[in-house]
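Enquirer: The sequence and its predicted three-dimensional model are supplied below.
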2 protein chains.
Amino acid sequence: MTAAAPALTEVLGGDVRIACTGLSLFEDALQRQGVKPAPVRWHPPTDGVAAATAAAIALSDEVDRQNSAAVERLVACRPHLLGIESAADTLGLAHGEFLHAGPPIDWRGASGPLRGALIGAAVFEGLADTPEQAEAHFRSGDFTLEPCHGHRAVGPMAGVVSPAMPMLVLGDGDRRAFCSLNEGLGKVLRFGAYSPEVITRLRWMRDVLAPILDAALRLGEPLDVWAMVTEALLMGDECHNRSRAATSLLLRSLGGTLLELEAASSEVAECYRFIGGNDHFFLNITMGAAKLAADSARGVEGSTVVVAMARNGTEFGIQLAGTGDDWFTGPSGVPEGLLFSGFSESDANPDIGDSTITETVGLGAFAMAAAPAIVGFVGGTAATATGSTLAMYEIAVGEHPSFRVAALDNRGTPVGIDAARVCRTGILPAVNTGIAGRVAGTGQIGAGFVEPPRSCFAQAVQSFATRHPELLTARPA
Amino acid sequence: MTAAAPALTEVLGGDVRIACTGLSLFEDALQRQGVKPAPVRWHPPTDGVAAATAAAIALSDEVDRQNSAAVERLVACRPHLLGIESAADTLGLAHGEFLHAGPPIDWRGASGPLRGALIGAAVFEGLADTPEQAEAHFRSGDFTLEPCHGHRAVGPMAGVVSPAMPMLVLGDGDRRAFCSLNEGLGKVLRFGAYSPEVITRLRWMRDVLAPILDAALRLGEPLDVWAMVTEALLMGDECHNRSRAATSLLLRSLGGTLLELEAASSEVAECYRFIGGNDHFFLNITMGAAKLAADSARGVEGSTVVVAMARNGTEFGIQLAGTGDDWFTGPSGVPEGLLFSGFSESDANPDIGDSTITETVGLGAFAMAAAPAIVGFVGGTAATATGSTLAMYEIAVGEHPSFRVAALDNRGTPVGIDAARVCRTGILPAVNTGIAGRVAGTGQIGAGFVEPPRSCFAQAVQSFATRHPELLTARPA
């Protein structure tokens, strides 16, 4: 700008307001010239979708109706925790069949933590005596790998499920979904650890914890998971990376029954302390319940609502209500946040796990306004937590009727991610997550935030448009 | 204002801002004349204290130092729950001696709920066969009445303690404080009910609950009460009218030990369910711990810090660190808030109970920013909860090093009420509270907020000034 040019205020008058976004260069210049800038959040629309396609979906009353229908089904689901059964019994999983988190992947594409968890599961199943034997079997294709999501199941982090593993059984009427049990922190299978202590714990969970917890669950009324989650949201959980309240409420609910079980009191006490020693125990219950709820929106053909977001440690994938069982994937990002001492960013594995099913149903980063204390675990300030929830209303179809945020005067959490709106606004779903070590066997090294790849939303919306050309011609009256 | 008078904007120019307080008359008039008012919170200083006295205390470096010293002692206290013992054993209470909440009062001055609780306690002690007999004894002065606070004890609502009642024992080093056990909701002694079910429950608490809980407490490490309260503040409790998280954490902590007790499992299960059925169970533990902490600031002679705020259902009283055992009292207000269905304001008893010991140490209404969900119980919006905490920084000497509010980016709660600053600013300590029915035996009828009488702060500060004339001459260098 030359010295001779008139000041902006001279040209535009003194009370002009200018919306600014992106780099602060323009904003700073305005301020120096006495114009008050109004910074706004804005993202360019996502590449890879023709502008006309995104607009045509946005203008379609029919897609709008179908999105509402999908979210109505999702929020109407009332998951109950019915009991615990083996993956063989519930999922019909046979010896040599393994499930994993995220979209489909083979051994060659698997990251360290996923490989480590598969090795551990093979040893746990007695299919190999040593990690080396297990690895050889996987490498030569002796075992099959499929996503949990295709079997009405979810698993945190590596999310590996094998036939002998106990699974939480979530039900609503005749419908079912399943999730493995949380092993606690430190060296655990889901973070890719497979040392003898990991296998020993898995056997104890199968032989002691599962039968005792199953007995307690079947003695009482089926546990209403959303009632407990609703309460936990009023107690500072967002139910993805913070489940301290929900885990406490679970024990409070089961304690009386556990005290009356006929099992040896020392074993029951051991189970009680195992659950009480792990704030994340309830996460897997939330995940199974969220899977049941999200699955109830599947097959609403004209809907662009996301019914699965999941990562296998290499790729991040999504599925839409209206695009069948197709996965739309992009490279999994490396989460940023707080690392445990002794670790650096180079130790972090790309994002992994099915736990983003919580964000899919309006929990996790979508409910962070309810959980300001979580920033001590994932990073940021109280405003980060509130802002995360507020931003998600921009891409959500509705507000959850049960999941409410006291700090927002009981507003429901944003629920039902509209992939078309993600493309139009450029606002990606917020995700908070645990961070796994890159090397198999390391375990958790921190927690933080990650952005899903934009490309998978673009692909999904493009595929939806190709699949439903009739919906694109619809125009508002 | 006549039509000929110029508009305010003509006189003062267009961009004037005027601070408004009190009645909205002036604010409304300004707005009609195109002037944007800036409403501010302001109270006139409290009557009854000479302006010079209040100013002289405010300017005294020595009082400032002593106030800091008092609050340092208060926050340095680390109460642990050691066990449960009878009031006879711990307090040396003899047959016919009764303690009650709040400042001293006799039978004649006692309100309905206090009379009801005293009647019930006399029947529980076997000192009367019928309520009528008990009443006659009290009326004729056969029994003695003294405040809990004078005996290192506190009690919620009526706060009646009799020799056979089990008391929570709180300790820090050699120091001790005591509180009765919470009976739950509905018809309970502390709200003035004395029907046979009330007496039966008190006997069960004495014979079953107290010994089992005492055994569990003595088996493990002494329970660090502030560690649990600190955690509960991150889980949506403010630890006066909301103790849902703290109660859950207590059970989570004790469950393993309870499972290993040699007592009959059905009785232990009954105890577990009794505690789990009452979100307020932990309140009495917090109260005992708060009493221990507040008592540690007693006797700091040059300090105007409040060490007790308590109500007997007729009068609200306070004690200061620097005024010995004197009580300064005023009429107890009727709380305003949410009433249970079927009750109206005319059913409400004036404010009652020692539970304001929580506000005295930086909890309750002072910590409400941590507990937005509590407004569903006491009334208001999320902003009410945040505003309650923020306002209290104005009259507090310090910020609590352990009690932190995640929503305020871990700022410590305001702690240590300076009675002189209350008088100078006119800002009264915020109190949230349960509301008792006026008629003995009614029980709880709601929950809400109440303002302490200004006069007790004025009396306390005047008495402090009379007692410490040497401190008033101090002037800053």
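Expert: It's in.
Enquirer: where in chain A is pLDDT low?
Expert: A:1-27, A:29-51, A:473-477 (pLDDT under 70).
Enquirer: and the spatially most central residue of it, what does it touch?
Expert: Among the residues of chain A, the one closest to the centroid is residue A:356, at 0.8 Å (C-alpha atoms, centre = their mean). By C-beta atoms under 8 Å, 6 or more residues apart in numbering or on different chains, the contact set of residue A:356 is A:309-311, A:364, A:429, A:431, A:433. (C-beta placed from N, C-alpha, C; glycine too.)
Enquirer: which one is residue A:305 nearest to, not counting chain neighbours?
Expert: Nearest residue to residue A:305 in three dimensions, chain neighbours excluded: residue A:70, at 4.3 Å (C-beta to C-beta, 6 or more residues apart in numbering or on different chains).
Enquirer: And residue A:157, by the same measure?
Expert: Spatial nearest neighbour of residue A:157, chain neighbours left out: residue A:190 (3.9 Å); criterion: C-beta to C-beta, 6+ apart.
Enquirer: show me the contacts for the one you found.
Expert: A:117, A:155-160, A:180, A:183, A:353.
Enquirer: Can you give me the domain assignment for chain A?
Expert: If you go by automatic domain parsing, the domain ranges for chain A are A:8-39, A:51-75+A:299-472, A:79-289.
Enquirer: Tabulate the ones you listed (a markdown table), appending distance to residue B:123.
Expert: Shown next, in a markdown table, are the domains of chain A (distance: least, C-beta to C-beta, whole Å):
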| stretch | distance to residue B:123 |
| --- | --- |
| domain A:8-39 | 69 |
| domain A:51-75+A:299-472 | 41 |
| domain A:79-289 | 30 |
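Enquirer: what sits up against the strand ranked longest in chain A?
Expert: Across chain A, the longest stretch assigned as strand under DSSP state E is strand A:396-405. Strand A:396-405 is touched from outside by A:67-68, A:70-72, A:75, A:226, A:229-230, A:233-234, A:305, A:361-363, A:366-367, A:369-370, A:389, A:393, A:410-418, with contacts defined as C-beta under 8 Å, 6+ apart.
Enquirer: Pull out the buried members of these.
Expert: Taking 16 or more other C-beta atoms under 10 Å in any protein chain shown as the criterion, what is buried in those is A:67-68, A:70-72, A:75, A:226, A:229-230, A:233-234, A:305, A:361-363, A:366-367, A:369-370, A:389, A:393, A:411-418.
Enquirer: Distance of residue A:193 relative to chain B?
Expert: Separation of residue A:193 from chain B (C-beta to the nearest C-beta, to the nearest Å): 25 Å.
Enquirer: Name all residues that make contact with that residue.
Expert: Shown in contact with residue A:193 (C-beta under 8 Å, 6+ apart): A:116, A:120, A:187, A:440-443.
Enquirer: ok, so of the contacts of residue A:356, who is nearest residue B:58?
Expert: For these, the closest approach to residue B:58 (C-beta to C-beta) belongs to residue A:364, at 49.5 Å.
Enquirer: Was I right to think the closest one contacts residue A:355?
Expert: Yes: in terms of C-beta atoms under 8 Å, residue A:364 counts as a neighbour of residue A:355; the distance is 7.5 Å.
Enquirer: Now the common contact residues for these two.
Expert: With contacts taken as C-beta under 8 Å, 6+ apart, the residues that reach both residue A:364 and residue A:355 are residue A:240.
Enquirer: Next one: residue A:300 from residue A:322, what distance?
Expert: Distance from residue A:300 to residue A:322, counting by C-beta to C-beta, to the nearest Å: 6 Å.
Enquirer: So these two - more neighbours on which side?
Expert: The neighbour comparison of residue A:300 against residue A:322 (other C-beta atoms under 10 Å in any protein chain shown) goes to residue A:322, with 26 against 23.
Enquirer: Mind exporting the C-alpha coordinates of stretch A:259-279 to PDB?
Expert: Provided in PDB are the C-alpha atoms of stretch A:259-279 (Å, rounded to 0.1, in the frame of the first residue of the first chain):
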ATOM      1  CA  LEU A 259     -21.900 -58.600  47.100                       C
ATOM      2  CA  GLU A 260     -24.600 -61.200  46.900                       C
ATOM      3  CA  LEU A 261     -23.000 -63.400  44.200                       C
ATOM      4  CA  GLU A 262     -22.100 -67.000  45.300                       C
ATOM      5  CA  ALA A 263     -18.700 -66.800  43.700                       C
ATOM      6  CA  ALA A 264     -15.700 -66.600  46.000                       C
ATOM      7  CA  SER A 265     -15.600 -63.100  47.600                       C
ATOM      8  CA  SER A 266     -11.900 -62.700  46.900                       C
ATOM      9  CA  GLU A 267     -12.400 -63.200  43.100                       C
ATOM     10  CA  VAL A 268     -15.400 -60.900  43.100                       C
ATOM     11  CA  ALA A 269     -13.300 -58.300  45.000                       C
ATOM     12  CA  GLU A 270     -10.600 -58.800  42.400                       C
ATOM     13  CA  CYS A 271     -13.100 -58.000  39.600                       C
ATOM     14  CA  TYR A 272     -14.400 -55.000  41.500                       C
ATOM     15  CA  ARG A 273     -10.900 -53.600  41.900                       C
ATOM     16  CA  PHE A 274     -10.000 -54.400  38.300                       C
ATOM     17  CA  ILE A 275     -13.000 -52.300  37.100                       C
ATOM     18  CA  GLY A 276     -12.400 -49.600  39.700                       C
ATOM     19  CA  GLY A 277      -8.700 -49.300  38.800                       C
ATOM     20  CA  ASN A 278      -9.500 -48.300  35.200                       C
ATOM     21  CA  ASP A 279     -11.500 -45.200  34.400                       C
END
